[in-house]
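K.L.:
Need coordinates for the below:
(one chain, ligands or ions: 1)
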Amino acid sequence: MMENKVLSLLQPLQAKPLSILCIIPLLFLFILSRLRRKPYPPGPKGWPVIGNMGMMSQLTHRCLAELAKQYGDIVHLRMGFLHMFAISGPGPAQEVLQLHDNIFSDRPANHAITYLTYDRADMAFANYGPFWRQMRKLCVVKLFSRKRAESWDSARDEVDHMVRAVGISAGEPVNIGELVFRLTRDIIYRAAFGSSSHEGQDEFISILQEFSKLFGTFNIADFVPWLNCMDIQGLNARLAKARDSLDGFIDVIIDEHIQNKKKLNGSDDESGDTDMVDELLAFYSEEEKISEPEDLQSSIKLTRNNIKAIIMDVMFGGTETVASAIEWAMAELMRSPEDLQKVQKELKNIVGLARKVEEPDFEKLTYLRCCLKEVLRLHPPIPLLLHQTSEDATISGYHVPARSRVMINAWAIGRNPAAWDHPDEFKPSRFLNTGAPDFKGSNFEFIPFGSGRRSCPGMQLGLYALEMAVAQLLHCYTWELQDGMKPADLDMSDEFGLTAPRAARLVAVPTPRLSCPL
Ligand code: HEM
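P.N.:
Next up, the predicted model:
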């Protein structure tokens, strides 16, 4: 009996030499793969375990551009176990967005984003894969195509409305920042919900603002997930309240649209005025079904949560981006009177002072277009493009492990001295040269709309609203800075968030320029 016990105790020891024999080659292979693996790019030294977590507040476009000056166009940081890479040069950006874009097209999402997008039921935060492909196809065809003329019409109407509102304040200071933020919210709200009365819009804006704050709030549970259930910052309760408010608001709109559709189906009314909710409802079903699309209409089914999450994508993607570009354009031109004069002369010559600008004029407004490109180069509305890797990759000879965060710094790339002469100066004439870079996505030194699979699907609508608003504001009025402020004294600092708007709102005094009524 005793002998058996001793034998059973000895058994693991007898097995040990065998397991050691197995482990040694595995260990050897592991070490060999580590030795063969490319190195990480250079970056600031971190602490054991927490890495560079002390630099959390420095993950802004400006701080990352400073790091690039020290470490190069690709910088490595570690936040706990999470690897982060900041890309500040066109070369590595091309590798990420074009050459290896199938690996770099996932999106990182924190707890707040995941919760508020109904577990990534949208397009902007969905990871790359069949679901995202379907959502993207649907949005591009149904929401953002040139064929969907209603969105463009509503943009033109809202710009006209804004220009008339400025007329009422002629001779008085106008807060251009507030004016254009209201404009883009009106455009997108109308394109999404179809209501031209803007009823309920203020309630919706406050829901958006709470979402925006929650997206950006530091949440310790993002780095220590087991703390999530304890909710020590009280964020979970705020998240639940914010999503309930959105549900309450959009469910009513969706129900109204469903009722209207039923009524129309029973009548002969074929007026065909549709908004984004109508377009999305054509794919509505409570059964979730994702399959590879052959025919868009028959293969995609959207739930209510998908519809709500897509509407929020459009709201976030289309309001602050366009508004901040319009405000920066007005500020840069007010700071550069020579360029402002050139643009206004061009408008006078091409459009004349007896009418407002119309869409066919855009093509001929060459200098204005150069100015807008220069604005997007210096102030890309989304300064950091946030991507995530789905598997191990090599970029510029460096190792990038799976599930790393990759921040493509469009702001730093647009000011990269190797790619641009006098990169920090506002010089629109650089875009007059034939062969100057364009923002369509194939010149990686200029990527305000991104490039490749995850590039901006709303680019056409965004550019249309930007061109129309700036052209109309500059054509209909001359603008002076208030209280005799000199152009060079204009504060040009920005604020960092998902977008990078001006830190101080632009205020200026308009004087009417046209001989016709507005
Ligand atoms: C001047 C205007 C705009 C600029 C500069 C801009 C820029 C961008 C950028 C840089 C991205 C991310 C690209 C990447 O991650 O690689 C993006 C994505 C996106 N944009 Fe825009 N955008 C603008 C206007 C709009 C408008 C008007 C809409 C909608 C009406 C919109 C909807 C979106 C959406 C839904 C995405 C996510 C796409 C995806 O993840 O697949 N954007 N935009």
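K.L.:
show me what contacts M407?
P.N.:
Going by CB atoms under 8 Å, 6 or more residues apart in numbering, M407 touches 59, 64, 84-87, 384-387. In this view, the C-beta of every residue, glycine as well, is placed from N, C-alpha and C.
K.L.:
whoops, A126 was the one
P.N.:
A126 touches 107, 120, 132, 135, counting by CB under 8 Å, 6+ apart.
K.L.:
for D392, same thing?
P.N.:
399-402.
K.L.:
swap the cut-off to 6 Å and go again
P.N.:
401-402 (CB atoms under 6 Å, 6 or more residues apart in numbering).
K.L.:
which residues of this protein score low on pLDDT?
P.N.:
1-18, 30, 32-36, 149-150, 196-198, 266-272, 286-298 (pLDDT under 70).
K.L.:
export the contacts of A126 to TSV and tack on distance to the ligand?
P.N.:
Putting the contacts of A126 into TSV (distance: CB to the nearest ligand atom, whole Å) gives the following:
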residue	distance to the ligand
R107	6
R120	11
W132	7
M135	8
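K.L.:
what's the closest of these to D278?
P.N.:
M135 (17.4 Å; CB to CB).
K.L.:
now the residue nearest to the closest one when sequence neighbours are not counted: how far from W479?
P.N.:
In space, and not counting its chain neighbours, M135 is closest to M123: 4.1 Å by CB to CB, 6 or more residues apart in numbering. From M123 across to W479, the span is 37 Å (CB to CB, to the nearest Å).
K.L.:
Between these two, which is the more surrounded one?
P.N.:
For M123 versus W479, the count of surrounding residues by other CB atoms under 10 Å is larger for M123: 27 against 20.
K.L.:
For the more buried one, which residues are in contact?
P.N.:
Taking CB under 6 Å, 6+ apart, one finds 135-136, 139, 313 in contact with M123.
K.L.:
One more pass at 8 Å, please.
P.N.:
M123 neighbours (CB under 8 Å, 6+ apart): 132, 135-136, 139, 310, 313, 457.
K.L.:
Same check on G497?
P.N.:
Contacts of G497 by CB under 8 Å, 6+ apart are 212, 216.
K.L.:
Make sure it is indeed in a helix.
P.N.:
No - counting by DSSP: H, G, I helix; E, B strand; the rest coil, G497 is not part of a helix but coil.
K.L.:
For the ligand, what's the nearest residue on the protein?
P.N.:
Closest approach between the chain and the ligand, counting by CB to the nearest ligand atom: G458, at 2.2 Å.
K.L.:
hang on, that residue packs against T319?
P.N.:
No - between G458 and T319 there is no contact under CB atoms under 8 Å: 10.6 Å.
K.L.:
Roughly how far does G414 sit from T499?
P.N.:
15 Å.
K.L.:
out of those two, which sits in the more crowded spot?
P.N.:
Taking other CB under 10 Å, G414 and T499 do not tie; G414 has more neighbours (25 against 22).
K.L.:
What helix or strand is the residue nearest to the more buried one when sequence neighbours are not counted located in?
P.N.:
Nearest residue to G414, sequence neighbours excluded (CB to CB, 6+ apart): R377, at 4.3 Å. Using DSSP states H and E, R377 falls within helix 366-378.
K.L.:
would TSV of the contacts of A126 with neighbour count and secondary structure be doable?
P.N.:
Formatted as TSV, those follow (neighbours: other CB atoms under 10 Å; DSSP: H, G, I helix; E, B strand; the rest coil):
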residue	neighbour count	secondary structure
R107	19	coil
R120	18	coil
W132	21	helix
M135	22	helix
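K.L.:
Just give me the closest of the residues you listed to L214.
P.N.:
Distances from L214 to the contacts of A126, taken by CB to CB, are shortest for R120, at 15.4 Å.
K.L.:
just to revisit the earlier point, so which of the contacts of M407 sit within strands?
P.N.:
84-87, 384-387 (DSSP state E).
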